[in-house]
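Visitor: could you look at this predicted model? Sequence included:
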Amino acid sequence: MKKIFFLGECMVELRAVDNTTLNQAFAGDVYNSAVYLKRCFNKINSVIVTALGKDVLSEKMRHCFAAEQLGTQLVFAHPEKVPGMYYIETDELGERSFTYWRGDSAARKVVDFFNPAVIDELASGDMLFFSGISLAVIEPRARDIFWQTVQDLKAAGVTVVFDPNYRARLWQSVEETKQQYELAFKSADITLPGVEDLQVLYGMNSVDDVLAQMSQFDINEIVVKNGPESVLTLVDGQLQSHQITPVENVVDTTSAGDAFNGVYLGARLSGACVSDAVRKAAKAAAIVIQQPGAITAKDIFNRAMVDSQ
């Protein structure tokens, strides 16, 4: 069975139902990708790598992981920390804004749990996926250990996947971000950048700008997401442009890129060609943005994916 590890943070999601009621769920970029991959490719072992606490919400989160059939062997329990939390609002166009509480997040300590047995487990996978948010959440003091782990996994034959997913408020400075992203791009075998994510950080305004930047690195598979317009791929030297059919009824754009990432990687691990992987990933993203919240109800998502075939 193919196996992919998703390293990062899952958070408590709060979303307003009305002026007095909040809906509580769980979400986070790499977690969202892990969920949507598993829903579309049940035969792939989708494993979440994170740290939670020993509180009630952490326990509920673990049950949620199990309900989504995610591997949890690398979900660690910190004795003092708790999950991060965010409140999400969406405007009339479905664009989202967030308020975060993650200073005491257990996920910031995930690298502290790395030991030879954990590294061996990670090395048993086909892929390791992490994002710009994953990097930002890891404490600066632990980043050297993280990068050494990535190099060890590459040497063991694990494919390293990176999505820049830039959130300025998580970083101390643009310079710090660029330094960490440079290491990520140098390590990545596959990268899934979005034009919007890199616009502020690098001043890029088009897929061509992003592709030119990524082409400086020795990356085998570059997948540039340009919102609802198109996806550009450069894989093994072959450049392809993939047109995306825009969604008219956009409810909530949260997790669109995450769904795309998970389903694209699942398709590629399953042997799909690039164009078929992009097509299936774009369908998943289109379904997700027509529903509120990061994780669409399983029955709605699965039925819509079947109907779109």
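Guide: That came in fine, so what should we check first? Computed from a predicted structure; not experimentally measured.

Visitor: do a quick rundown of the helices in the stretch 51-200 of the chain.
Guide: In the stretch 51-200 of the chain, the segments counted as helices under DSSP state H, counting those that start in this stretch are 56-67, 116-123, 132-137, 143-155, 174-187, 195-202.

Visitor: report how many residues lie close to residue 103.
Guide: 7 (other CB atoms under 10 Å). Every residue, glycine included, has its C-beta placed from N, CA and C.

Visitor: repeat for the one 4 residues further on
Guide: When neighbours are defined as other CB under 10 Å, residue 107 has 27 of them.

Visitor: tell me who's in contact with it.
Guide: Counting by CB atoms under 8 Å, 6 or more residues apart in numbering, residue 107 touches 8, 9, 10, 50, 51, 52, 83, 84, 137.

Visitor: circling back: now for the helices of the stretch 51-200 of the chain, which one comes closest to residue 275?
Guide: Closest to residue 275 of the helices of the stretch 51-200 of the chain is helix 195-202 (CB to CB; 19.9 Å).

Visitor: can you name every helix or strand that the helix or strand where residue 222 lies contacts?
Guide: Under the criterion of DSSP states H and E, residue 222 resides in strand 221-226. Contacts defined by 3 or more CB pairs under 8 Å, 6 or more residues apart in numbering; DSSP states H and E place strand 221-226 against strand 190-191, helix 195-202, helix 207-214, strand 230-235, helix 256-269.

Visitor: next SSE after the fourth one?
Guide: Remark: after strand 230-235, the chain's next helix or strand is strand 238-243, criterion DSSP H and E.

Visitor: just want the angle from that next one to strand 221-226.
Guide: Here the directions of strand 238-243 and strand 221-226 differ by 30 degrees (axes from the mean of the first three to the mean of the last three CA atoms, to 10 degrees).

Visitor: give the pairing partners of strand 238-243; include direction for each.
Guide: Strand pairing for strand 238-243, using DSSP bridges, gives strand 230-235 (antiparallel).

Visitor: using CSV, write out every CA atom in the strand it pairs with.
Guide: Taking Å, rounded to 0.1, in the frame of the first residue of the first chain, the C-alpha atoms of strand 230-235 are listed here in CSV:
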residue,chain,number,x,y,z
SER,A,230,-5.8,27.6,-14.8
VAL,A,231,-3.1,25.2,-13.6
LEU,A,232,0.4,25.1,-15.2
THR,A,233,2.5,22.0,-14.8
LEU,A,234,6.2,21.4,-15.6
VAL,A,235,6.9,17.7,-15.1
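
Visitor: orientation of that strand relative to helix 207-214 in degrees?
Guide: Counting by the same axes, to 10 degrees, strand 230-235 lies at 30 degrees to helix 207-214.

Visitor: check which helix or strand residue 36 maps to.
Guide: helix 29-40.

Visitor: list the helices and strands that helix packs on?
Guide: Applying 3+ CB pairs under 8 Å, 6+ apart, one finds that helix 29-40 makes contact with strand 3-7, strand 45-52, strand 127-131, helix 132-137, helix 256-269, helix 274-288, helix 298-307.

Visitor: need these in TSV (columns: mean pLDDT, mean neighbour count and distance to residue 77).
Guide: Below are the helices and strands packed on helix 29-40 laid out as TSV (pLDDT from 0 to 100; neighbours: other CB atoms under 10 Å; distance: least, CB to CB, whole Å):
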stretch	mean pLDDT	mean neighbour count	distance to residue 77
strand 3-7	98	26	17
strand 45-52	98	26	6
strand 127-131	98	25	21
helix 132-137	96	24	17
helix 256-269	96	28	25
helix 274-288	94	23	30
helix 298-307	88	13	26
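
Visitor: could I get the ones you listed in a markdown table, plus columns for distance to residue 226?
Guide: Shown next, in a markdown table, are the helices and strands packed on helix 29-40 (distance: least, CB to CB, whole Å):
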| stretch | distance to residue 226 |
| --- | --- |
| strand 3-7 | 24 |
| strand 45-52 | 26 |
| strand 127-131 | 18 |
| helix 132-137 | 18 |
| helix 256-269 | 11 |
| helix 274-288 | 11 |
| helix 298-307 | 23 |
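
Visitor: these: which one's closest to residue 120?
Guide: strand 3-7 (12.4 Å).

Visitor: quick one: end-to-end length of stretch 228-239, please.
Guide: By CA to CA, to the nearest Å, the extent of stretch 228-239 from end to end equals 19 Å.

Visitor: hey, which helix or strand in this structure has the poorest pLDDT?
Guide: Between all helices and strands in the chain, the lowest mean by mean pLDDT, DSSP states H and E belongs to strand 96-101, at a mean of 78.

Visitor: nice, that's everything, thank you.
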